[in-house]
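S.K.: model the following, please.
(one chain, ligands or ions: 1)
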Amino acid sequence: MNDTRCAIVTGGSRGIGRATAIRLAQDGFDVGFCYHRDEVAAKQTAEAITELGRRVCYQAVDVADLAAVREFTERVERELGPVHTVVANAGITRDTPLAIMAEQDWQDVLRTNLDGTFTICRAVAFGMIRRRAGNIITVSSVAGISGNAGQTNYAAAKAGMIGFTASLAKEVGRYGIRANVVAPGFIESDMIAVLRDSVRDKAVADTALGHFGRPEDVADAVSFLASDRARYITATVLRVDGGLSI
Ligand code: NDP
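M.R.: Predicted coordinates for the structure are as follows:
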């Protein structure tokens with residue numbers, strides 16, 4: 001890439017978001033990322049980006065808060081330049097059977113995963129359209145495609161992200177902007193560290209490749225979709241699940 005481009009990754013402090021922020025820095029992007037509370041982890045991601053010789057701008061921002069996300073995006077654009085690529089990655093789970101699900105668990109998951117996708121895309125959309133350039137990648141889940149017991153809230157949010165991204169792709173394609181989804185299966189991160197051994201064993205058994213993925217496996221898929229090698233790919237859902245969903 002000749003010109004340095006700027007990318008924003010939400011939830012860049014840990015896991016898939018961190019691996020993606022670092023991968024995009026390796027690809028030549030300056031990177032803005034937000035996180036929720038883990039300042040120590042965020043600093044580690046920022047240091048890794050700086051060590052790669054790329055500029056970084058990071059901040060604690062609740063992705064569900066549109067005004068805060070707007071402010072953050074404006075800061076990134078002031079410091080790093082116009083945002084070319086956005087990765088809507090921040091997410092949480094609050095797994096519980098629907099029959100006993102607290103309303104708060106429903107709302108928290110919808111707000112972080114789905115509202116958080118709306119806010120970051122809303123914050124950058126106008127600028128991308130004006131510049132006739134941009135690339136949006138949302139991080140959904142195979143749960144949003146196939147469903148998963150105990151995850152009605154999470155699957156609803158992740159399925160919503162797929163519909164959102166397909167609709168956005170149809171809206172902005174004419175302006176040279178692409179929008180795609182990656183749908184990970186089980187990826188080794190803090191998010192799945194809470195799984196019971198019996199659940200892990202079954203999940204591994206259900207995965208064709210016989211093991212969980214790493215955050216870097218998803219980051220590589222994002223890197224591809226973010227690159228010009230994916231120039232004719234939009235409104236697609238790329239599963240990165242080791243064959244979990246076959
Ligand atoms: P982690 O729990 O490891 O990291 C989550 C990241 O999101 C952290 O950076 C966290 O910040 C940030 N975050 C959480 N809530 C907010 C918020 N309200 N505002 C801003 N940032 C927030 O998760 P993963 O890396 O595993 O997951 C990343 C994405 O991939 C999620 O969307 C998840 O649903 C999806 N995914 C993950 C799978 C897996 O197996 N791991 C499978 C399928 C999809 P902080 O560090 O400050 O808490």
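
S.K.: how many neighbours does the nearest residue to residue 125 once chain neighbours are set aside have?
M.R.: Nearest residue to residue 125, sequence neighbours excluded (Cβ to Cβ, 6 or more residues apart in numbering): residue 172, at 7.1 Å. Using the backbone N, CA and C atoms, a C-beta is placed for each residue, glycine as well. Using other Cβ atoms under 10 Å, residue 172 has 20 neighbouring residues.

S.K.: then residue 165?
M.R.: Residues near residue 165, counting by other Cβ under 10 Å, number 24.

S.K.: send the alpha carbons of the longest helix along the chain over as CSV?
M.R.: For the chain, the longest helix by residue count, based on DSSP state H, is helix 152-172. Provided in CSV are the C-alpha atoms of helix 152-172 (Å, rounded to 0.1, in the frame of the first residue of the first chain):
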residue,chain,number,x,y,z
THR,A,152,-30.8,-16.0,22.4
ASN,A,153,-29.6,-12.5,23.2
TYR,A,154,-26.2,-12.9,21.6
ALA,A,155,-27.6,-14.7,18.5
ALA,A,156,-30.2,-12.1,18.0
ALA,A,157,-27.6,-9.3,18.1
LYS,A,158,-25.2,-11.2,15.8
ALA,A,159,-27.9,-12.1,13.3
GLY,A,160,-28.9,-8.4,13.4
MET,A,161,-25.4,-7.5,12.5
ILE,A,162,-25.6,-9.7,9.4
GLY,A,163,-28.8,-8.0,8.2
PHE,A,164,-27.4,-4.6,9.1
THR,A,165,-24.2,-5.2,7.1
ALA,A,166,-26.0,-6.6,4.1
SER,A,167,-28.3,-3.6,4.0
LEU,A,168,-25.5,-1.1,4.5
ALA,A,169,-23.5,-2.8,1.6
LYS,A,170,-26.5,-2.2,-0.6
GLU,A,171,-26.8,1.4,0.4
VAL,A,172,-23.1,2.4,0.0
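
S.K.: mind listing the strands for this protein?
M.R.: Assigned by DSSP state E, the chain shows strands spanning 5-10, 29-35, 56-60, 83-88, 134-139, 177-184, 237-240.

S.K.: need those strands in JSON lines (columns: distance to the ligand).
M.R.: What follows is the strands of the chain, written out as JSON lines (distance: least, Cβ to the nearest ligand atom, whole Å):
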{"stretch": "strand 5-10", "distance to the ligand": "6"}
{"stretch": "strand 29-35", "distance to the ligand": "4"}
{"stretch": "strand 56-60", "distance to the ligand": "7"}
{"stretch": "strand 83-88", "distance to the ligand": "8"}
{"stretch": "strand 134-139", "distance to the ligand": "4"}
{"stretch": "strand 177-184", "distance to the ligand": "4"}
{"stretch": "strand 237-240", "distance to the ligand": "9"}
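
S.K.: now render these as TSV, adding mean pLDDT and mean neighbour count.
M.R.: Formatted as TSV, these follow (pLDDT from 0 to 100; neighbours: other Cβ atoms under 10 Å):
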stretch	mean pLDDT	mean neighbour count
strand 5-10	98	28
strand 29-35	98	27
strand 56-60	98	18
strand 83-88	98	26
strand 134-139	98	26
strand 177-184	98	25
strand 237-240	98	19
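
S.K.: up against the ligand, what does the protein have?
M.R.: 10-17, 34-38, 41, 61-64, 89-92, 112-113, 139, 141, 184, 186-187, 189-192 (Cβ under 6 Å from any ligand atom).
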